[in-house]
Structure formats: structure tokens, C-alpha cells
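Peer 1: Following is a predicted model, sequence given first.
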Amino acid sequence: MLYPHVSVDCVLLGVNEEKLCVLLVERADSPGDQIDYKLPGSLIYENEDLDDAAYRVLKESTGISKVQLKQFRCFGSPSRTQNKEDVLWLENASKLKIGRIVTVAYLALCKISKRKNLSPKYKSAQWVPVNELPKLPFDHNEIVAAATSEIRQWIEIEPSIVFEYLPSRFTLYELRRTYETIFGKAFDIRNFHKKIASLAYVVPTNEMQEGVAHRAARYYRFDRAIYKKRSIVNKK
Ligand SMILES: O=P(O)(O)OC[C@H]1O[C@@H](O)[C@H](O)[C@@H]1O
């Protein structure tokens, strides 16, 4: 039998208190008793393009619209709807008979902020550390794990992504900690500083930290113009 159900899921990753976090929504009428988080995601409409569906679902479920979502993978195992409670929730919410669903996953890296305009389907939206996730419905744990390794690959190719997380001026300590948080491992300090010193687009400023107990550190800034030129040179 041919089967038409397709959904989108949005993985928003952010750094909070030196932890890599993912935005989850809490189901309002959970089929079980426990707190029930999931990725912001839902079925698409008949005549809707996938990208439009991803932006719509994210906006409707969390109120967020100013992020750049990128499609990164499809998840289509027939077993992703093996949990009867997940199917029940979805059937109640959609008023459709649900068997399997193929979901298209989207990813964005963004700054953490307070959420509002939640869909009535959800009680709250929370940033949860990816290393402390509860058991999520469907295959959402697998989707978050895939998104985490995906973002690391993106950063290897396009290091500018990291600077989206930092304030306009930052210390090398803050830069290293951000890298360590996203990659989930410690970087050797001397090698890291050497690497940064070789990057023309990380520019030292004349400003130093003030009022700190330890030796004041220098502030740096990310120079997008230099970065773009380097990207062109690298692509040649
Ligand atoms: O619209 P609700 O029921 O919240 O969720 C639909 C879910 O259906 C699954 O394929 C997706 O993973 C998506 O998150």
C-alpha cells in the first residue's frame, strides 16, 4: 500500500551556560503521566513546500521565525512510530489515522532567548542540554544526535557559524569555551591560540577586560569582510 504521511522536525541548537542545548516543546495533553518533551515538528499540508512547512511549524509551535533553517536529513524508519502513545497523540492532534511517517529534519544554530506564542498543543518550550535529554518520542533522540554531529561538520567547513554565538567582542577564553561546548571536548590551549593567531578574520582589538580579578584578557572581534575574502580564495 502506498503511504503519504510526511512531517518536518526542527532542531534548534544553542549554547547556554557552557552547554550545548536543544529547544524542545512540552506536549499539553501528554498520553503518559510524565513531562513529555519533543522536537518542534508536525505533519505538512497537502500543497505545502517542505521549507515552508518547517518555518510554519517552528513559528506555530514556538513563536520563532528569525532563524535560518537548513534541511539536513530524512528519517523514515517504519519503526519510528512503534510507540503506541506517540501514535495516539498524533492521531488526536491531527484527527488522521497514522501508521508510519517520514520526517524531514531541519537544523539551525541560534542564540538562546525566551520563547513565547506557543501553540496550544504545547505547555512550554525549554532549552535542554543535549547530554541530559530524557527519552523523547518517535526517533527524536536519534534526530538530535544526528543534528549535533551535523553542526560540527558544518563548523569545520564554515567556521563563521561559531561567531553567531559570541558577542561582537569576545576573549580567546570565550571563543575556546564555545568551541569546546559545541564539540563536546577540551581543546589544547596553546594549540588553540596558535590556530586562532593564524586566522586573519579573528582580529585583536585595543580593548581589554576591566574589573576582573585575574589578568585582564584582550577582546577580539570577528571580521566578516576578511572572512568572506578568505572563503573566495579557498574556493579557487
Ligand atoms: O504534530 P505533533 O503531533 O506534535 O508531532 C508530529 C511528529 O510526527 C513525527 O513524524 C515527527 O517527528 C513530528 O514531530
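Peer 2: Looks like it came in fine. The structure displayed is predicted, hence computed values, not measured ones. Numbering: from 1, shown residues only.

Peer 1: pLDDT below threshold where in this structure?
Peer 2: Scanning the chain with the threshold set as pLDDT under 70 gives 30-35, 114-117, 231-236.

Peer 1: Could you tell me which residues of it lie near the ligand?
Peer 2: The chain comes close to the ligand at residues 7, 9, 38-39, 41-42, 89-90, 93, 101, 103, 121, 138, as judged by CB under 6 Å from any ligand atom. Where C-beta positions appear, they are placed from N, C-alpha and C, glycine not excepted.

Peer 1: Next, the contact list for the closest residue to the ligand within the chain, please.
Peer 2: Residue nearest to the ligand within the chain (CB to the nearest ligand atom): G41, separated by 2.8 Å. Contacts for G41 (CB atoms under 8 Å, 6 or more residues apart in numbering) come out as S7, V8, D9, C10, V57, S61, T103, H140.

Peer 1: Nearest to R218 among those?
Peer 2: C10 (37.4 Å; CB to CB).

Peer 1: Can you show me the helices along the protein?
Peer 2: Using DSSP state H, the helices of the chain run over 50-62, 84-94, 140-157, 160-163, 172-183, 189-197, 224-235.

Peer 1: who touches the fifth one?
Peer 2: Taking CB under 8 Å, 6+ apart as the criterion, the residues outside helix 172-183 that touch it are 15, 18-20, 151-152, 155, 162, 165-167, 186-187, 189, 192-193, 196, 202, 217-218, 220.

Peer 1: got the buried residues for that helix?
Peer 2: Within helix 172-183, the residues that qualify as buried are L172, E174, L175, R176, R177, T178, Y179, T181, I182, F183, counting by 16 or more other CB atoms under 10 Å.

Peer 1: which one of the residues you listed sits closest to E26?
Peer 2: T181 (24.2 Å).

Peer 1: re the thing from before, now list the buried members of the contacts of G41.
Peer 2: For these, buried by 16+ other CB under 10 Å: S7, V8, D9, C10, V57, S61, T103, H140.

Peer 1: Reformat the residues you listed as CSV; add distance to I226.
Peer 2: Shown next, in CSV, are the buried ones among the contacts of G41 (distance: CB to CB, whole Å):
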residue, distance to I226
S7, 41
V8, 36
D9, 36
C10, 32
V57, 37
S61, 38
T103, 39
H140, 39
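
Peer 1: Which one of those is nearest to E85?
Peer 2: Proximity of the buried ones among the contacts of G41 to E85 (CB to CB) peaks at H140, which lies at 13.4 Å.

Peer 1: Mind telling me which residue is nearest the centre of this protein?
Peer 2: L13 (2.2 Å; CA atoms, centre = their mean).

Peer 1: In contact with the residue nearest to it when sequence neighbours are not counted, which residues?
Peer 2: Spatially, and ignoring its direct neighbours in sequence, L13 is nearest to L109 (5.2 Å; CB to CB, 6 or more residues apart in numbering). L109 is in contact with L12, L13, G14, I151, W154, I161, E164, Y165, counting by CB under 8 Å, 6+ apart.
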